[in-house]
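> Please find the sequence and the predicted model below.
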Amino acid sequence: MTTHLEPKLPDAGLAGSYINGTWHWPQGRLVVENPSRRVPICEVGRGTSTEVDLAVAAARAALPAWRALAASERGKLLTELGRRLVENAEEVARVLAAESGNAIKTQSRGEAMGAAGVLKYYGGVAVEQKGETLPLGPGLFSYSTREPHGVVGSIIPWNSPLQLGAVKISMALATGNCLVLKPAEDAPLAILKLAELADGLVPPGVFNVVTGLGEEAGAALAAHPGVDKVSFTGSSEVGKLIGKATADRIAKLTLELGGKSPTIVFPDAITDGRLDGTAQQVANAMRFARQGQSCTAGSRLFVHKDIWDVLMPKVAEKSAALKVGDALDPDVDMGAVVNAERYGEIRAYVAEAEAQGATFLIGETPNEDPDGFCPNPTILTGIGNNWRIAREEVFGPVMVAIPFETEEEVIAMANDTHYGLAAFLFTRDISRVTRLTRAIDAGWIQVNQGGGQIPGMSYGGTKQSGMGSEYSIEGALESYTYRKCVTINIEDGT
Ligand code: NAD
């Protein structure tokens with residue numbers, strides 16, 4: 001069943017769905033391809049509502065014992081899973097690079113270790129699932145507890161599947177829920193490797209993986225009456241469908257959706273020897289090394305006109321320095337976009353902007369039929385903030401750069417979007433920092449850096465970028481548990 005295997009991948013027995021602690025092959029098959037080389041890697045099961053039914057039933061059956069387990073014991077199992085992932089990190093990273101196109105050097109190794117860190121972090125804080133006592137008056141003893149919702153259905157995208165999978169697994173399981181996880185059809189293999197590592201560690205049914213298409217397995221999971229909470233990460237378009245699917249039964253819901261995040265640079269960000277560092281952080285914020293395939297990518301760059309001529313060549317130099325190519329090549333910094341469809345859409349956005357008269361500071365309209373889906377980092381100028389390429393999520397290595405003159409003007413341009421996920425602000429003026437961070441609509445604003453999420457921080461979007469935030473302990477508790485209040489009359493009671 002398997003061809004072109006360079007990294008060690010799940011064998012035939014392990015590439016189906018993982019349900020109730022066993023490997024299960026659905027009738028249909030999906031081929032997972034390596035987008036850097038355009039060759040098939042492996043087949044996985046094309047799960048449907050049949051597999052979703054089985055997995056939800058297994059999760060429901062496992063729930064009473066799992067939620068009754070001490071949180072510290074659940075935490076220990078997550079910590080152990082994190083340890084096993086560290087032990088197998090290189091192998092998992094190679095699988096991840098092969099299926100997602102994310103370069104092993106800059107991304108996939110870091111993602112494997114980051115996912116292990118998430119599992120260990122939530123393993124450690126699982127005991128923080130605490131309640132409150134309430135002073136309701138003499139004779140009354142009132143307290144609250146945090147209860148799991150029950151069965152969680154999580155649906156994740158392909159762009160950082162292991163990290164996102166680890167977040168969903170950790171938060172759901174730490175808080176006493178059981179989980180059915182539906183990975184993306186383009187990148188399910190690293191998640192199956194994680195299931196392999198979890199096999200025999202967590203009780204059967206606590207953690208299940210159903211591979212399959214979004215419209216089949218994903219839709220069946222979102223609509224399943226036995227799923228009490230859905231945690232979805234993906235596009236805003238699909239997020240709206242998930243919202244509709246969960247509305248009738250008032251299932252709990254978290255949506256982590258798309259973005260078109262602004263990066264804003266003021267002149268004082270490049271004074272006193274800061275030009276080089278700021279240019280590098282601006283390029284980092286764009287996530288070029290992830291082919292721009294990050295929900296938080298700072299893909300709209302607003303640069304004050306007084307520093308345009310100095311900063312832009314430096315940002316171009318830093319971005320163009322990335323070596324582009326096969327994600328498994330140990331020297332490559334930037335790999336491939338995930339599939340032909342995504343590549344074609346990126347190509348269409350850039351071709352349209354070129355036809356509208358945009359100028360390429362670096363990059364070009366990608367080739368029509370490449371050997372691997374590896375477009376170069378591209379920065380476009382001469383763009384209007386109302387152009388399609390400046391408004392829609394390209395989800396590729398394409399940044400648009402627009403000059404501005406005043407704070408008011410840049411705030412208006414930054415907020416002129418239906419997204420509100422992230423923003424990056426570069427200035428040394430603390431008053432300006434407080435004014436702009438207040439004014440900009442975004443769930444996460446970084447000042448003077450373009451880094452990634454860190455476990456424990458609150459993370460989520462506003463506007464059409466999402467609903468709820470899950471990354472922090474508080475976010476996990478709010479999203480994966482409900483408060484139960486108990487009031488006891490400790491006097492007579494009658
Ligand atoms: P997508 O919405 O197409 O797919 C995401 C997941 O949803 C996949 O598992 C897919 O199979 C499933 N799906 C598709 N149609 C479905 C349906 N009708 N019902 C149920 N499930 C369905 O997104 P994508 O292209 O895989 O990922 C890219 C998107 O994800 C971008 O918009 C990106 O910004 C977003 N994203 C957001 C975050 C965040 O934290 N906010 C993180 C990563 C990615």
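Looks like it came in fine. Residues are numbered from 1 along each chain as shown.

> Domain-wise, how is the chain divided?
As assigned by automatic domain parsing, the chain contains the domains 17-257+461-484, 262-447.

> what would those domains look like in CSV with distance to the ligand, mean pLDDT and mean neighbour count?
Glycine gets a C-beta too; all of them are placed from N, C-alpha and C. Shown next, in CSV, are the domains of the chain (distance: least, C-beta to the nearest ligand atom, whole Å; pLDDT from 0 to 100; neighbours: other C-beta atoms under 10 Å):
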stretch, distance to the ligand, mean pLDDT, mean neighbour count
domain 17-257+461-484, 2, 96, 21
domain 262-447, 3, 98, 20
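
> so which of the ones you listed gets nearest residue 453?
Comparing the domains of the chain against residue 453 with C-beta to C-beta, the closest turns out to be domain 17-257+461-484 (6.0 Å).

> Straight-line length of the closest one, end to end?
35 Å (C-alpha to C-alpha, to the nearest Å).

> Could you verify that residue 277 is part of a strand?
No - counting by DSSP: H, G, I helix; E, B strand; the rest coil, residue 277 falls outside a strand, being helix.

> For residue 68, see how far away it is.
52 Å (C-beta to C-beta, to the nearest Å).

> which non-adjacent residue is nearest residue 472?
Leaving aside its chain neighbours, residue 472 sits nearest to residue 458 (4.4 Å; criterion: C-beta to C-beta, 6 or more residues apart in numbering).

> oh sorry, the question was meant for residue 359
In this structure, residue 359 finds its nearest non-sequential neighbour in residue 382, 4.4 Å apart by C-beta to C-beta, 6+ apart.

> check contacts around that neighbour.
Contact analysis of residue 382 by C-beta atoms under 8 Å, 6 or more residues apart in numbering lists 357, 358, 359.

> so can I have TSV of those showing distance to residue 392 and secondary structure?
Shown next, in TSV, are these (distance: C-beta to C-beta, whole Å; DSSP: H, G, I helix; E, B strand; the rest coil):
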residue	distance to residue 392	secondary structure
357	18	coil
358	15	coil
359	20	strand
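
> Touching the lengthiest helix in the chain from outside, list them.
If you go by DSSP state H, the chain has its longest helix at helix 49-68. Residues outside helix 49-68 that contact it (C-beta under 8 Å, 6+ apart): 17, 19-20, 24, 26, 45, 74, 147-148, 150-151, 153, 173, 176-180, 203-206, 208-210, 212, 216-217, 220-221, 224, 226-227.

> one step back: distance check, the residue nearest to residue 472 against residue 432.
For residue 458 relative to residue 432 (C-beta to C-beta), the value is 23 Å.

> re earlier: mind checking how far the residue nearest to residue 472 is from the ligand?
Distance of residue 458 to the ligand, given as C-beta to the nearest ligand atom, to the nearest Å: 12 Å.

> Give me the three-state assignment for residue 226.
coil.

> Once you drop chain neighbours, what's closest to it?
residue 56 (4.2 Å).
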